[in-house]
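Novice: What follows is a predicted structure for the sequence shown.
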Amino acid sequence: MLLRRGKDQQLIAAVDIGASKVSCFIARVTQENDFSAHAEIVGVGHNGVPSRSGGGHAAEQFEAGLRHAVDAAERMAGARVHRVGVAVPGRALRTRRIAVDIEIADGVVTEEDVADTLTEGAAIAVAPEDAVLHAMPTGFRLDGEEIDGDPVGLNGAVLSTEMIGVGARQSVLDNLSSLIERCGLAAEEFVAAPYAAAEATLIEDEKELGVVLIDIGAASTGYAVYDHGVLVDCGGVGAGGGHITKDIAQIFGSPLVQAERIKTLYGAALIGPGDEHRFVDFPQLGDIGETARASRADLCEVIIPRVEEIFELVAERLPDDRLRRSGLRRAVITGGGSLLVGAREIAEKTLSMKCRNGRPVSIAGAPEAATAPGFSVCAGIIQHCMNVRSEDNLTLGAPSQSPHSLTRSAFLGGARAWLRAKF
C-alpha cells in the first residue's frame, strides 16, 4: 500500500471491490512532522462489473474490473503501485468485545502496561477461526473505575482495557488476496469496509455523541457504530441496492440493466404528489422493442418496502445494550444506495433517529466525482492509513501477510498512534 517517493512522500493505494463496481484511489501523503501528514488524491479509477445473464458475476469479470480501475488510477497519478489496502465487506465481518486485566507492578500505570494489555487483547480479539483486521481499545478502567482519557501516570493496582476486535473468515481474505495477486498486486492491509466508510464521512462530534454509519452497497449494507468517540460495533446485512433492482426487474418484467437504469432515473423511496399520473416505460425481458407502462407511484411502491427492510435488518443488528443503545440518536447513510430519493426519510422513520446523507470528507486533489457517497470506502481507507500513521509507518490494523496476526512492534506503533489521536 505504501510506495516510497523521496524522503517525506509516499503513495497510498486503496481498492474497494463491490458487487456492482470496483474503485481505486491513489493518494500522495506528505509527512509534515512526526504527528501529522497531508494527503492529496492523485489518481482515481473505477469500473462497473457487468452481470452475467443469470444476474451474477464471474471471477474474471471482477479481475477485469479491478485491472481497469487500477490502470485508470495509475494513469491519472503517473505512477505504478504494487501494494494496496483492500476493503472487506460488512457482511463478512465478525466483531467481539473483550476486556483484558493486568496487575500494575509499581502501582503507577506506564505506557508499557497499556501496550501489554493491548498486545494481549489483540491475540484474543477475534474467534480462533477468524483473521484479525482491527483490534481497537474502547476504554480503560483502573481498579474498576472508568478512566476518561489516557491512564498512563495514574496510580492503581489493576488496569483493565476494553477492546473491540473486528475479524473475518480467513477464506474471505484468501479469496480477496488471490484476486489482487492475479492483477499483479499485493494486498498489504485489509480494512473493514463500514469502518473505512465511517472514517471518511463521520465528524468527531458525531462519533463522540453516538452515531450509526450505514453504507448501502449493491449486494449488502454495512454498518459501524460509534459511541464516546470510538468504534463499538461493526458488521453488515445481506441486502442492498441490487435487491431493489431485482425487485423492479421481477415485478415489471424488465432486464436487470434496464431495471437499474429506471431505478436511478425515476425511482424513489417516497411517493410524491402527482406520481400516480407520471408514467414510466419498462422494456420487457425477452421481447425486443416491447414495453409495459406503469406509474411512478407503482414503481415507488415496489422500492419502499425493500428500503424499509434494509434499515430494519440493520436495526436488528445494532448493539442491544440498553445504556449504549439509548445513546444512539443519529444515523448517517452513505454508499451508492443512499442516493435514492427518500432513503434518508425511510432511515429516520425506521431507526427513530435523526439522519443525514454522508459524503467523503474532501481530500485535496480529489475530483468532484470521487466525493460521491459510492466512494466513501476508498476514501476511508486512505483516511485510516493517515489516522494511524506513526514515525515508523505502522498501523493499528493487521498486516495482510498470513496468518494476518499482529506483530508486537506493529501493534505497539498503532497503539501509540491511537493514544495520541484520542488523548
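Specialist: That came through fine. Numbers count the residues shown, from 1 in each chain.

Novice: How are the helices of the stretch 1-150 of the chain distributed by residue range?
Specialist: Per DSSP state H, counting those that start in this stretch, the stretch 1-150 of the chain carries helices over the ranges 59-77, 111-123.

Novice: out of the ones you listed, nearest to residue 315?
Specialist: helix 111-123 (29.0 Å; C-beta to C-beta). Backbone N, C-alpha and C define where each C-beta goes, glycine included.

Novice: buried residues in that closest one?
Specialist: Residues 113-122 are the ones in helix 111-123 that count as buried (16 or more other C-beta atoms under 10 Å).

Novice: Kindly report the same for stretch 285-297.
Specialist: For stretch 285-297, by 16+ other C-beta under 10 Å, it's 294-297.

Novice: Quote the end-to-end distance of that stretch.
Specialist: End-to-end span of stretch 285-297 (C-alpha to C-alpha, to the nearest Å): 22 Å.

Novice: what's the offset of it from the middle of its chain?
Specialist: How far stretch 285-297 lies from its chain's middle: 37 Å, per C-alpha atoms, centre = their mean, to the nearest Å.

Novice: Could you do stretch 115-122 as well?
Specialist: 25 Å.

Novice: Am I right that residue 275 is in contact with residue 303?
Specialist: No. Taking contacts as C-beta atoms under 8 Å, residue 275 lies outside contact range of residue 303: 11.7 Å.

Novice: what residue ranges in the stretch 201-350 of the chain are flagged as low confidence?
Specialist: Applying pLDDT under 70 to the stretch 201-350 of the chain picks out residues 321-327.

Novice: change it to 90
Specialist: 227-229, 286-289, 318-329 (pLDDT under 90).

Novice: for it, what spans make up the helices?
Specialist: With helices called from DSSP H, counting those that start in this stretch, the stretch 201-350 of the chain shows them at 204-209, 241-252, 256-266, 296-317, 322-326, 343-351.

Novice: is it possible to export these to JSON lines including distance to residue 335?
Specialist: Below are the helices of the stretch 201-350 of the chain laid out as JSON lines (distance: least, C-beta to C-beta, whole Å):
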{"stretch": "helix 204-209", "distance to residue 335": "17"}
{"stretch": "helix 241-252", "distance to residue 335": "8"}
{"stretch": "helix 256-266", "distance to residue 335": "14"}
{"stretch": "helix 296-317", "distance to residue 335": "11"}
{"stretch": "helix 322-326", "distance to residue 335": "23"}
{"stretch": "helix 343-351", "distance to residue 335": "10"}
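
Novice: Could you tell me the phi and psi values at the closest residue to residue 74 other than its chain neighbours?
Specialist: Distances taken as C-beta to C-beta, 6 or more residues apart in numbering place residue 80 nearest to residue 74, at 5.7 Å, with adjacent residues excluded. The phi/psi pair for residue 80 (degrees, to the nearest 10) reads phi -100, psi 150.

Novice: Could you check how far residue 80 is from residue 381?
Specialist: 19 Å (C-beta to C-beta, to the nearest Å).

Novice: same deal with residue 293?
Specialist: Applying C-beta to C-beta to residue 293 and residue 381 gives a distance of 44 Å.

Novice: tell me the pLDDT at the residue nearest to residue 74?
Specialist: According to the prediction, residue 80 has pLDDT 94.

Novice: tally of neighbours for it?
Specialist: For residue 80, the tally of surrounding residues (other C-beta atoms under 10 Å) stands at 14.

Novice: Residue 275 and residue 303: which has the busier surroundings?
Specialist: residue 303 (25 against 18).

Novice: related to what we said a few turns ago, out of the helices of the stretch 1-150 of the chain, the one nearest residue 332 is which?
Specialist: Of all those, it is helix 59-77 that lies closest to residue 332, at 25.6 Å by C-beta to C-beta.
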